[in-house]
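*Asks:* 3D, please:
(one chain, ligands or ions: 1)
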Amino acid sequence: MNTYSTILVTGCAGFIGSHLADFLLAEGHTVVGIDNFDPFYDRSIKTQNLAGLLAQNRFKFYENDITDEVFWANFSENIEVVVHLAAKAGVRPSLENPSNYINTNINGTQLLLGWMVRRNVKKLAFASSSSVYGNNEKAPFSESDSVDNPISPYAFTKKAGELLNHTYHHLYGLDIINLRFFTVYGERQRPDLAIHKFTKLMLAQQPISMYGTGSTARDYTYVADTVQGIVGAVSYLRQHQNVFDTINLGNSSPVTLQQLVDTLYELTEQTPNIHYLPMQPGDVERTCADVQKAKQVLGYNPQTPLHEGLKRFVNWYKANH
Ligand SMILES: NC(=O)c1ccc[n+]([C@@H]2O[C@H](COP(=O)([O-])OP(=O)(O)OC[C@H]3O[C@@H](n4cnc5c(N)ncnc54)[C@H](O)[C@@H]3O)[C@@H](O)[C@H]2O)c1
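*Replies:* Numbering: from 1, shown residues only. The predicted model follows:
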């Protein structure tokens, strides 16, 4: 096995994808990226995410849609491993337009898998989500827990992606790891996510809207830790045959929404001004990852305490807005 690989990153102009591509290039790999600048959030944010990548000669970018069959029919890069991050993300917007989510997250994934079979590309790390656990009663959430009760269209599409991956593993021998990310945050975080929205409003001295009483909890994971887990999966896939696995990438340290908001008020040095609103349909009560398997199989080792990660996010936000 060569030390260096050529890795396809779908969704590479997004939040996690751009961090992952930065890391892989710094490690010496070659990265081929695909992104269609989906209008879910502003294109200019994604072009900014890409700017540093485009300046590097081991990076090649395709502005294309993963649901475009003609694109896949003509796409002929030699790839060793695929990290599939391109998706319609976000729980709440998936309630408004489920068919878009199904098209990108399921049909798009199927076209990618079909391309892999045709091109004899054998290795895939797939971005799944903690949302597949729904309102799981048991904590921490373990990969062996049932995930048959998704409570949003988004969660359904991620579970469907995991199942589709199993089918392609079984039929065509693809080696696949489904990675379930738990609320990733950090520099370049998507503007629709709570930490980003709250920081923006706090720094503008505007009130924030909080859904529920503040008791909902999330297992926030700093993006560099998530990237370390993805890279662990890429290495594992490169070294092993006949792989199909599903692995949590979380932090095992859930924080309530109220604690999160209090920390952000402290870091932005603003006076709390909170409007409490009812819980949103589709939102789960809490997430909490069991990361034993990630530690054992991938050498995953999340390191960043929430306070430190949030400080880096707030500093990044101030420097870039
Ligand atoms: N951020 C999180 O907390 C989190 C949690 C769980 C799972 N995930 C998953 O991780 C992945 C990356 O999430 P993110 O937060 O970086 O989101 P993001 O929206 O910043 O990145 C996704 C990228 O995919 C691209 N994309 C969307 N549809 C596409 C299409 N049809 N063709 C090509 N590109 C397309 C978008 O333009 C975007 O740049 C997603 O699959 C998401 O569902 C994220």
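
*Asks:* tell me how many other residues crowd residue 45.
*Replies:* 18 (other C-beta atoms under 10 Å). Placement of C-beta: from N, CA and C, glycine included.

*Asks:* now it, what's its secondary structure?
*Replies:* At residue 45 the chain is in helix, as set by DSSP: H, G, I helix; E, B strand; the rest coil.

*Asks:* now do the contacts for it.
*Replies:* 188, 191 (C-beta atoms under 8 Å, 6 or more residues apart in numbering).

*Asks:* got it, and the one 5 residues further on?
*Replies:* The contact partners of residue 50, taken as C-beta under 8 Å, 6+ apart, are 12, 13, 18, 33, 35, 61.

*Asks:* residue 59 is in contact with the third one, correct?
*Replies:* No: here residue 18 does not reach residue 59: they are 10.7 Å apart, not a contact under C-beta atoms under 8 Å.

*Asks:* between these two, which one's more packed in?
*Replies:* Just comparing residue 18 and residue 59: by other C-beta under 10 Å the higher neighbour count belongs to residue 18, 27 against 21.

*Asks:* backbone dihedrals for the residue of the stretch 201-321 of the chain found nearest the ligand, please?
*Replies:* Across the stretch 201-321 of the chain, the shortest distance to the ligand (C-beta to the nearest ligand atom) belongs to residue 221, at 7.6 Å. Its backbone dihedrals place residue 221 at phi -130, psi 130, with angles given as degrees, to the nearest 10.

*Asks:* list the contacts for it?
*Replies:* 181, 182, 183, 184, 185, 249, 250, 251, 289, 302.

*Asks:* so it bridges to which residues?
*Replies:* Each beta-bridge partner of residue 221 is listed here: residue 184, as defined by DSSP bridges.

*Asks:* please shift the residue numbers so they start at 715 in all later answers.
*Replies:* Noted, 715 is the first residue going forward, which turns the last one into residue 935.

*Asks:* specify the local secondary structure of residue 796.
*Replies:* Reduced to three states with three-state DSSP, the structure at residue 796 is strand.

*Asks:* and it, what's its pLDDT?
*Replies:* What the model reports for residue 796 is a pLDDT of 99.

*Asks:* number of nearby residues for it?
*Replies:* Other residues near residue 796 come to 26 when the count uses other C-beta under 10 Å.

*Asks:* what are the bridge partners for it, then?
*Replies:* On the basis of DSSP bridges, residue 796 is bridged to residue 722, residue 838.

*Asks:* so residue 740 versus residue 799, what's the distance?
*Replies:* 18 Å (C-beta to C-beta, to the nearest Å).

*Asks:* which of those two has more neighbours?
*Replies:* Comparing residue 740 with residue 799 by other C-beta under 10 Å, the one with more neighbours is residue 799, at 26 against 9.

*Asks:* now flag whichever of the contacts of residue 764 is closest to residue 758.
*Replies:* Relative to residue 758, the closest of the contacts of residue 764 is residue 727; by C-beta to C-beta it sits at 10.9 Å.

*Asks:* so that closest one sits against residue 762, correct?
*Replies:* No: because the distance of 9.2 Å does not satisfy C-beta under 8 Å, residue 727 is recorded as not touching residue 762.

*Asks:* quick one, which of the two is more surrounded?
*Replies:* Here residue 727 and residue 762 are compared on neighbour count by other C-beta under 10 Å; more neighbours surround residue 727, at 26 against 14.
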